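> Just need the structure, nothing else, for what follows:
(one chain, ligands or ions: 1)
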Amino acid sequence: MTTYHSTRDAGNTLTASQAILRGIAPDGGLYVPDHIPSLDIALDQLANLTYQETAYAVMKNFFDDFTEEELKHCIAAAYDEKFDDATIAPLVKADGHYYLELFHGPTIAFKDMALSILPHLLTTSAKKNGSTKEIVILTATSGDTGKAALVGFADVPNTKIIVFYPKNGVSAIQEKQMVTQKGDNTYVVSIDGNFDDAQTNVKNMFGNADLAARLDAAGYQFSSANSINIGRLIPQVAYYVYAYGQMVKQGAIAAGEPMNVVVPTGNFGNILAAYFAKQMGLPIQKLVIASNENKVLVDFFQTGAYDRNRDFILTTSPSMDILVSSNLERLLYLMADENPQAIQTFMNQLKEVGRYEVTAAMKEKAKDFYADYANEAEVSAQIASLYHTDGYVIDPHTAVAAHVANSYTAETNDATPIVIASTASPYKFPQAVLDAIDPEFGDGTMEEMLERLRELSGVAYPKAIEELLHAEVRHDTVIASDEMQDSVESILGLKR
Ligand SMILES: *Cc1c(COP(=O)(O)O)cnc(C)c1O
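Residues are numbered from 1 along each chain as shown. Here you go, the predicted model:
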């Protein structure tokens, strides 16, 4: 049996479904499994499995209080025609690397991989635990999570979803996707502040006992769609296992040989999923963290000091504009030999002075990781060079990873084949992509940019883009970041 407990308190254990329902622990910690189950499928069999079969093979050992029928139902409901590629996550070779395209879901970014299944895991979990409360999903987003969660939860019975995003911290397409969201149970609010402000206030609401009591009295229960929920993290493990099978199938490696992964990183969820895959026994050699100019993680992995006291930089890869990477707490817990007191100390230091430093022995435990970053000019040059050598168009997040993949290879001479997590469709960030491959184009309306990108890439519009062009705005609230709790209370009609 795999049970879960908080990174800040090992005492209280929960089943998988209870941990999914809670999202974040009452002490502010993140739920971690008591052990990482091993992959019980032979590596040479992986190439024969569909995405759905792979997902089941991975998730059944983590979510072992779900019945086979429940879990297979969740998987089938998530990974269906919502995805515009029958293989769900195709692996595409370009310029010597393998791009794992995780953007074929309904919002054309990789968050769909987890957020299309989370609502099903959550409602199944509620049923299993006899909960009759209405689930309120509270989410802070730097752009992609919000929309993917809104699509996942829209009109799901017995749920409401409230999304906060930084007014000036998301792309035009991302904003339009969110403010046009349909569904009677969806609420979208922008704040005057950055993503970290939004995330901090959401975390504070989760930790507010008085608020929890009033929610309870009103028949509500908070849950989280952020990547801190294990119901998001674990489904992401599946695509690394799937990618490995596809690498074998395409002849890039033989079964048993290693691959490296390079992951454009923000909140540390995606790369942590790769690490879990490695711990399950998947032959991943290096886990390469790729950051943009907000390179707090690069500095941490290089020096052992995590220091958020620095300017927050707005880049062309907004989903990685993050100074506090929530999921790092889970790795830190493993680095600290699963000592909750150590995590409490680090997290208090982070809260109070914005900085903590790990010991050399702890740092040694993270030696499977390598971290580097790409600046804005490098991102742009990378998009252009891949387009000119191979005709393959990538988005700025993926370009951060492609650049770091090249600098990793140049620095280490490691010839292990590389899988790059391709986290968004270029159609989601047309301005930055056009600035890179067609600088003459200059400014244009969203429609003009999309049209030009279609000409250059030769890739048809995904359904998400077609719909966006005709959607009307349904949400237009802007508030100060310290008004977030008031906003939630008024949406839910809570009384003091
Ligand atoms: C969220 C996101 C990332 C960062 O992923 P994390 O799991 O937060 O590290 C990278 N690229 C895109 C396009 C994203 O939406």
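
> K182 should be in a strand, yeah?
No: checked against DSSP: H, G, I helix; E, B strand; the rest coil, K182 lies outside a strand; its state is coil.

> Now for it: which residues touch it?
When contacts are counted by Cβ atoms under 8 Å, 6 or more residues apart in numbering, K182 touches A154, R474. For the C-beta atoms, the positions are set from N, CA and C on the backbone; glycine is no exception.

> shift numbering so it begins at 818
Fine by me, first position is 818 from now on; the one you just mentioned is K999.

> Can you list phi and psi of it for me?
phi -90, psi 170 (degrees, to the nearest 10).

> Mind pulling up the pLDDT for it?
Looking at K999, its pLDDT reads 93.

> Quick check: it vs the ligand, distance?
Counting by Cβ to the nearest ligand atom, to the nearest Å, the gap from K999 to the ligand is 21 Å.

> tell me which residues of the longest helix anywhere in the chain are tucked away?
For the chain, the longest helix by residue count, based on DSSP state H, is helix 1047-1066. By neighbour count on 16 or more other Cβ atoms under 10 Å, the buried set for helix 1047-1066 is 1047-1065.

> With stretch 1145-1160 instead?
Buried, per 16+ other Cβ under 10 Å, within stretch 1145-1160: L1145, E1146, R1147, L1148, L1149, Y1150, L1151, M1152, A1153, P1157, A1159, I1160.

> pLDDT of stretch 1112-1120, averaged?
Here the average pLDDT along stretch 1112-1120 is 97.

> Name the surrounding residues that touch it.
1082, 1085, 1106, 1108, 1122-1125, 1127, 1139-1142, 1145, 1183, 1186-1190.

> Where helices are concerned, which of the residues you listed count?
Among these, the members falling in helices (DSSP H) are L1145.

> Return only those of the contacts of stretch 1112-1120 found close to the ligand.
Among the contacts of stretch 1112-1120, the ones lying near the ligand by Cβ under 6 Å from any ligand atom are T1082, F1085.

> Spell out which residues of the chain are next to the ligand.
So far as Cβ under 6 Å from any ligand atom goes, the chain lies against the ligand at 926-928, 961, 1044, 1081-1087, 1136-1137, 1214, 1240-1241.

> Which ones among those map onto strands?
Using DSSP state E, the subset of those located in strands is P1081.

> Just the buried residues of the residues of the chain next to the ligand.
If we count by 16+ other Cβ under 10 Å, the residues of the chain next to the ligand have these buried: 926-928, 961, 1044, 1081-1087, 1136-1137, 1214, 1240-1241.

> V909 is in what secondary structure piece?
strand 908-911 (DSSP states H and E).

> List the contacts of the helix or strand following that strand.
Following strand 908-911 in sequence order, the next helix or strand is strand 914-918 (DSSP H and E). Contacts to strand 914-918, defined as Cβ under 8 Å, 6+ apart, come from residues 902, 906-910, 1056, 1060, 1064, 1067, 1069, 1209, 1211, 1215, 1219, 1222, 1234-1239.

> Give me the angle between strand 914-918 and helix 1047-1066.
140 degrees (axes from the mean of the first three to the mean of the last three Cα atoms, to 10 degrees).

> What's the mean pLDDT across strand 914-918?
98.

> Now do it: distance to the chain's middle.
Between the centre of strand 914-918 and the centre of its chain there are 17 Å (Cα atoms, centre = their mean, to the nearest Å).

> now do stretch 1093-1104
The answer for stretch 1093-1104 is 18 Å, by Cα atoms, centre = their mean.

> can you pull the buried residues of it?
Buried, per 16+ other Cβ under 10 Å, within stretch 1093-1104: F1093, A1094, K1095, Q1096, M1097, L1099, P1100, I1101, K1103, L1104.

> So which of those are in strands?
Those of the buried residues of stretch 1093-1104 lying in strands (DSSP E): I1101, K1103, L1104.

> Let me know the closest of those residues to the ligand.
Set against the ligand, the nearest of those by Cβ to the nearest ligand atom is L1104 (11.9 Å).

> number of nearby residues for the nearest residue to V987 once chain neighbours are set aside?
Nearest residue to V987, sequence neighbours excluded (Cβ to Cβ, 6 or more residues apart in numbering): G960, at 4.0 Å. The local packing of G960 (other Cβ atoms under 10 Å) involves 30 other residues.

> Sounds good, over and out.
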